[in-house]
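Engineer: sequence-free structure coming up:
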């Protein structure tokens, strides 16, 4: 080997060592940088004429186990979902509070019933009457506050969705840029390794927000899809938009029908301008975004439903009067008459009849509706799975309402208005295909002194609570946020006892009625509360329903916490396995540094010796 070749070889060795030293320096400097992976230099020999004449830097490699990285990314998606869900369940539990605490809804309701129980034994005492109103107001205020807090949580979820969507757009745009850089690059140097780190960082961040599928190309660029197969990023990035709807209320809910939707939805727009609703297409099933959606649209809505159903049950139990019909006949037809005087929107007529051909008994609930746009009504308006709900528009008068009823029953059960506000319900007479079993009306008592023990103790703001259906949802939606004690009672506490002008001040009739309805009477509750099922709705007292609702929330919160704990263990274990190879180890880097330092020194020594030999040769000439 000539001296000049020896110089070239030493110089290439110095360059290789210098490249390794630079990489070690970068590893140490970025040891705490998110997304940075440890890198090593791969060298290759250069041969000429059959001799090894120098060395070169072949590539810069990242020490990443891609199989573990893929597993970690998948589990991180589930971990983000479980953690956020558990956190929000914890916040919801704080709203409900400890069932044994004096401020819990159950305790406040018990104080209200105790106050009414005291009134049954001492109805004429002013302070006892005043305590009933005081505890009633405390319960109403508790429901108001809890509803406000639940809607605040939903508002936080809405804001979280807006922020998450903005982050997704940032990462998708970054991925598209890195993809284009990787496609244009044909070297495997440190800059390419850095691009791969940036690519994986964006993918990891996306995976925490939503479940994604990743396809790797030969040039190391990636295509990102939703779990349902919608492409989000490649050479270009889709843009996600979220139209937050402002202040959250119980009636603000997501709906695939744009005209009915009152909360934000997520629209993906691709580079060609095509749009798709990621919520309607169920394209997001895990990650933080899925957790926010579940809490906003399901869990917190169900929690509000529980409060609303409780508030409605208390109101109905004190103000509703169910009256059976009186027998009536017309020729060969038989059935019942009911008086519709005082029937409010939301009040109902219940008809039960037996099909003589099959022997099966059917029931239908005819609900008064004064807003035609609310029709048709859903059968879920009543909790009975075997009940058919029929909305009847009364805005055109009773005669028009009777026409609607007959049209709905097509002759098997026949309706008429013989006089005044009387509704007559008869079978089909000679045809003998149906026998009327029973007919009854359920009305809301609106007067404090109407001669009935029932009274409108609670109000929906300035309105009576009758379960009216107006717009897109019934009066029960959000009722817990609006429930208040009847101001007429607050101004005249004697009406807690005196239900007629002749009622003695010490009469126990109304107090006994109120106590019995609150404590002993059974009701059937809506299944959108999570208590009971569509096939078997829950039936029980108000207090038992409240306990069941609290139990459901407690079980759900405990389940969410366990899921989050389990998912965290999996994610932590995978992260540790990935870090064993990918994370920078300072001790290893120092060892590598000493090796490179020795190599650099040796090459420098060769360079120096050859230089001295060249000087000697020149002096000899």
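Structural biologist: Here it is on my side, so go on. A quick note: this is a predicted structure, and the numbers were derived from the prediction, not measured. Numbers count the residues shown, from 1 in each chain.
Engineer: so how many other residues sit close to residue 265?
Structural biologist: Residue 265: 20 surrounding residues under other C-beta atoms under 10 Å. Any C-beta I mention is one placed from the backbone N, CA and C, and that applies to glycine too.
Engineer: Determine the three-state secondary structure at residue 318.
Structural biologist: Three-state assignment for residue 318 (DSSP: H, G, I helix; E, B strand; the rest coil): helix.
Engineer: mind listing what's buried in stretch 109-129?
Structural biologist: Using 16 or more other C-beta atoms under 10 Å as the test for burial, stretch 109-129 gives 109-113, 115-120, 123, 128-129.
Engineer: I meant to write stretch 152-159 there.
Structural biologist: Buried residues in stretch 152-159, counted by 16+ other C-beta under 10 Å: 153-158.
Engineer: before we move on, back to that, just the ones of the buried residues of stretch 109-129 in helices?
Structural biologist: The members of the buried residues of stretch 109-129 that map onto helices under DSSP state H are 109-113, 115-120, 128-129.
Engineer: hang on, residue 247 is in a strand, isn't it?
Structural biologist: No: counting by three-state DSSP, residue 247 is not found in a strand; it is coil.
Engineer: Name the residues of stretch 344-359 that are buried.
Structural biologist: Residues of stretch 344-359 classed as buried by neighbour count (16+ other C-beta under 10 Å): 344-354.
Engineer: repeat for stretch 548-558
Structural biologist: Residues of stretch 548-558 classed as buried: 548-550, 552-553, 556-557 (neighbour count, 16+ other C-beta under 10 Å).
Engineer: Which elements pack onto the helix or strand in which residue 551 is found?
Structural biologist: Per DSSP states H and E: residue 551 is located in helix 542-582. Other elements packing on helix 542-582 under the criterion 3 or more C-beta pairs under 8 Å, 6 or more residues apart in numbering; DSSP states H and E are helix 66-96, helix 105-121, helix 300-319, helix 509-519.
Engineer: With mean pLDDT and distance to residue 162 added, can I get these in TSV?
Structural biologist: As requested, these are exported to TSV (pLDDT from 0 to 100; distance: least, C-beta to C-beta, whole Å):
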stretch	mean pLDDT	distance to residue 162
helix 66-96	92	15
helix 105-121	96	31
helix 300-319	97	17
helix 509-519	96	43
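Engineer: so which of these gets nearest residue 562?
Structural biologist: When the helices and strands packed on helix 542-582 are compared for distance to residue 562 using C-beta to C-beta, the nearest one is helix 66-96, at 8.7 Å.
Engineer: got the angle for the closest one vs helix 542-582?
Structural biologist: Inter-element angle recorded for helix 66-96 and helix 542-582: 150 degrees (by axes from the mean of the first three to the mean of the last three C-alpha atoms, to 10 degrees).
Engineer: Centre of the chain to helix 66-96, how far?
Structural biologist: In terms of C-alpha atoms, centre = their mean, to the nearest Å, the centre of helix 66-96 is found 14 Å from the chain centre.
Engineer: From the contact counts, what lies against it?
Structural biologist: Looks like helix 66-96 contacts helix 126-184, helix 190-209, strand 212-216, helix 287-294, helix 300-319, helix 542-582 (3+ C-beta pairs under 8 Å, 6+ apart).
Engineer: that older thread, out of the helices and strands packed on helix 542-582, deepest packed?
Structural biologist: For the helices and strands packed on helix 542-582, the largest average neighbour count (mean count of other C-beta atoms under 10 Å) is found in helix 300-319, namely a mean of 24.
Engineer: Just name whatever secondary elements it is in contact with.
Structural biologist: Counting contacts by 3+ C-beta pairs under 8 Å, 6+ apart, helix 300-319 packs against helix 66-96, helix 105-121, helix 126-184, strand 458-460, helix 479-482, helix 509-519, strand 523-524, helix 542-582.
Engineer: Next SSE downstream of it?
Structural biologist: Next in sequence after helix 300-319, counting helices and strands by DSSP H and E, comes strand 320-324.
Engineer: What lies in contact with that following strand?
Structural biologist: Around strand 320-324, the neighbours that count as contacts under C-beta atoms under 8 Å, 6 or more residues apart in numbering are 336, 338-339, 438-445, 452, 454.
Engineer: Closest one to residue 173 out of the residues you listed, please.
Structural biologist: residue 444 (57.0 Å).
Engineer: wait, what's in contact with that closest one?
Structural biologist: 319-321, 344, 346-347, 456, 464-466.
Engineer: now, which of those lie within strands?
Structural biologist: Using DSSP state E, the members of the contacts of residue 444 that fall within strands are 320-321, 464.
Engineer: Now a PyMOL select for only the buried ones of these.
Structural biologist: In PyMOL, a selection of the buried entries from these looks like this (16+ other C-beta under 10 Å):
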select buried, resi 320+464
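Engineer: Got the domain ranges for the protein?
Structural biologist: The chain resolves into domains spanning 3-58+584-620, 69-312+552-569, 325-470 when parsed by automatic domain parsing.
Engineer: Of all those domains, which one is nearest residue 495?
Structural biologist: Closest approach to residue 495 among those (C-beta to C-beta): domain 325-470, 4.1 Å.
Engineer: Let me see the mean pLDDT of the closest one.
Structural biologist: The average pLDDT within domain 325-470 is 93.
Engineer: ok, residue 132 touching residue 122?
Structural biologist: No: judged on C-beta atoms under 8 Å, residue 132 makes no contact with residue 122 at a distance of 11.1 Å.
Engineer: Can you tell me which of the contacts of strand 320-324 are buried?
Structural biologist: 336, 338, 439, 441-445, 452, 454.
Engineer: between the residues you listed, which is nearest residue 245?
Structural biologist: Comparing the buried ones among the contacts of strand 320-324 against residue 245 with C-beta to C-beta places residue 444 closest, at 32.4 Å.
Engineer: how close does the residue lying closest to that closest one once chain neighbours are set aside get to residue 87?
Structural biologist: Closest residue to residue 444 apart from its sequence neighbours, by C-beta to C-beta, 6 or more residues apart in numbering: residue 466 at 4.1 Å. As judged by C-beta to C-beta, to the nearest Å, residue 466 and residue 87 stand 39 Å apart.
Engineer: Between the contacts of residue 444, which sits nearest residue 482?
Structural biologist: Within these, proximity to residue 482 (C-beta to C-beta) peaks at residue 465, which comes in at 9.1 Å.
Engineer: ok, that closest one touching residue 456?
Structural biologist: Yes: here residue 465 lies in contact with residue 456, judged by C-beta under 8 Å, at a distance of 7.4 Å.
Engineer: so which of the helices and strands packed on helix 66-96 gets nearest residue 100?
Structural biologist: helix 542-582 (11.0 Å).
Engineer: doesn't residue 328 fall inside a strand?
Structural biologist: Yes: according to three-state DSSP, residue 328 belongs to a strand.
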